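Trainee: Structure for this input, please:
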Amino acid sequence: MVGKMIKALIFDLDNTLLRSDKSMSEYSRAVLERCRERGIHVFAASARPERTVREFGVLDRFEALVTLNGARVLAGDREIINDIPNESGERIISRLLPIPGAVVSVEMSGGIYASAPIPEWNANVFGGFPGLPEGELYKVLVSGVTEKDARSALTEDTYCTAVEGGRLWQFMSRKATKWGGVRELTAHFGVSPEECAFFGDDWDDIECVKNCGLGVAMENAIYEVKAVADAVAGNCDNDGAAKFVDERILCL
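Mentor: Here you go, the predicted model:
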C-alpha cells in the first residue's frame, strides 16, 4: 500500500542516503535509478551547498535539490533564494566573533569564507569580518560558542540550530527551512507532501519527517527524529534508506 501512494522520495544526505564516509554505494545508486524508471521522483534536501553535493559525485542522482537547509532551492530551471540580509549577518558575526575561541564562517553565493583556516571545508580565509564578502549570504556558521551565546546573537529575521552535537551553530533566514524547500519542490513537480516519503536523521529533518506522507528515520537518527517518524530504516552504513525503498516501496 505504501508503494502505491508514494510519488516522490526525498533524502537527507549526510548519515542518511550517504554513508558516514560520505560515499553512496552502487546498490543505493541502482535503487534510485529503479525509482526513476518507475516514475517516482527522487529529490535531495541537505544542509550542504550544491558544490559539495557535486564533489561527492551524487548530483546526477536527483531531479531537484534543497540545499543549505532551504536557503537555495533548485527545481528544474527554477532557483529559489532565501538568503540572510547582509545587515543581519554582520550583526550576528559582530556579536560572536569577539568570543575567545569562536570561529566564524559564511556560506556565500561565491563560496565559503572563514575567520580562520578550516581545511576540511577548503574555506577561504577572510579578514574583513564582521563585514561580508560580495554576494548573497546563505548561512552563518560558528564554532566555539555556547548555546546561550548563539541564541543571544539572533536577529528577528534569523534562526539557529545546533549541528555536530552542538559543536557548531548555523544561522539561517527564517524563510530558509528544509520543510519550506520541500514544499517548493512538491509544488513545482505537482506532487503533494502526502505523496512523498522523507528520510532523515537530524534536527533539521524533523519537520519534514513529521509532515510528509511517510516519514522515515534512520536507525542512526537522533531520538527526536525517531519520535515523529512513521518508520525506521536501517543504519546509513548498511544502505538502510535504499533497502527500505527496495523492500517497502519498490516491491509493491
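
Trainee: which residues are contacting stretch 79-91?
Mentor: Stretch 79-91 is contacted from outside by 70-73, 106, 130-132, 136-140, 153, 155, 157-158, 171-173, 175-176, 180-181, 184, using C-beta atoms under 8 Å, 6 or more residues apart in numbering. Quick note: C-beta positions are derived from backbone N, CA and C, even for glycine.

Trainee: can you pull the buried residues of that stretch?
Mentor: Buried positions in stretch 79-91, judged by neighbour count with 16 or more other C-beta atoms under 10 Å: 80, 82-84, 88-91.

Trainee: Output it in PDB with nothing but the alpha carbons.
Mentor: Once non-C-alpha atoms are left out, stretch 79-91 reads as follows in PDB (Å, rounded to 0.1, in the frame of the first residue of the first chain):
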ATOM      1  CA  GLU A  79      16.100  28.800  -8.500                       C
ATOM      2  CA  ILE A  80      14.600  30.000  -5.200                       C
ATOM      3  CA  ILE A  81      16.800  32.000  -2.900                       C
ATOM      4  CA  ASN A  82      16.100  32.600   0.800                       C
ATOM      5  CA  ASP A  83      19.200  34.500   1.900                       C
ATOM      6  CA  ILE A  84      20.100  36.400   5.100                       C
ATOM      7  CA  PRO A  85      20.100  40.200   4.700                       C
ATOM      8  CA  ASN A  86      23.700  41.400   4.900                       C
ATOM      9  CA  GLU A  87      22.900  43.700   7.800                       C
ATOM     10  CA  SER A  88      21.600  40.800   9.900                       C
ATOM     11  CA  GLY A  89      24.600  38.600   9.000                       C
ATOM     12  CA  GLU A  90      27.000  41.300  10.000                       C
ATOM     13  CA  ARG A  91      25.200  41.800  13.300                       C
END
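
Trainee: pLDDT on that stretch, on average?
Mentor: For stretch 79-91, mean pLDDT is 97.

Trainee: ok, back up a step: quick one: which of the contacts of stretch 79-91 sit in strands?
Mentor: Counting by DSSP state E, the contacts of stretch 79-91 place 72-73, 106, 137-140, 158, 171-173 in strands.

Trainee: Just the closest of these to Arg34, please.
Mentor: Val73 (25.7 Å; C-beta to C-beta).

Trainee: ok, so what distance separates that closest one from Leu32?
Mentor: Note on Val73: its distance to Leu32, by C-beta to C-beta, to the nearest Å, is 20 Å.

Trainee: Also Arg61?
Mentor: 5 Å.

Trainee: hey, what's in contact with both of those two?
Mentor: Val42.

Trainee: any low-confidence regions in the stretch 51-200 of the chain?
Mentor: For the stretch 51-200 of the chain, no stretch has pLDDT under 70.

Trainee: three-state assignment of Phe199?
Mentor: strand (DSSP: H, G, I helix; E, B strand; the rest coil).

Trainee: Which residues are in contact with it?
Mentor: By C-beta under 8 Å, 6+ apart, the residues touching Phe199 are 9-12, 16-17, 216-218, 233, 241, 244.

Trainee: Where does the record place the domain boundaries for the protein?
Mentor: Following automatic domain parsing, one gets these domains for the chain: 2-81+176-249, 86-173.

Trainee: Which stretch among those domains is buried most, on average?
Mentor: Mean neighbour count, computed with mean count of other C-beta atoms under 10 Å, is highest for domain 2-81+176-249 among the domains of the chain, reaching a mean of 20.

Trainee: Distance of Val106 relative to Leu137?
Mentor: In terms of C-beta to C-beta, Val106 sits 6 Å off from Leu137.

Trainee: Lys243 versus Ser23, what's the distance?
Mentor: Relative to Lys243, and taking C-beta to C-beta, Ser23 is found at 16 Å.

Trainee: and what of Leu97?
Mentor: Distance of Leu97 to Lys243, computed by C-beta to C-beta: 45 Å.

Trainee: Start and end of stretch 145-159, how far apart?
Mentor: Terminal residues of stretch 145-159 are spaced 16 Å apart (C-alpha to C-alpha, to the nearest Å).
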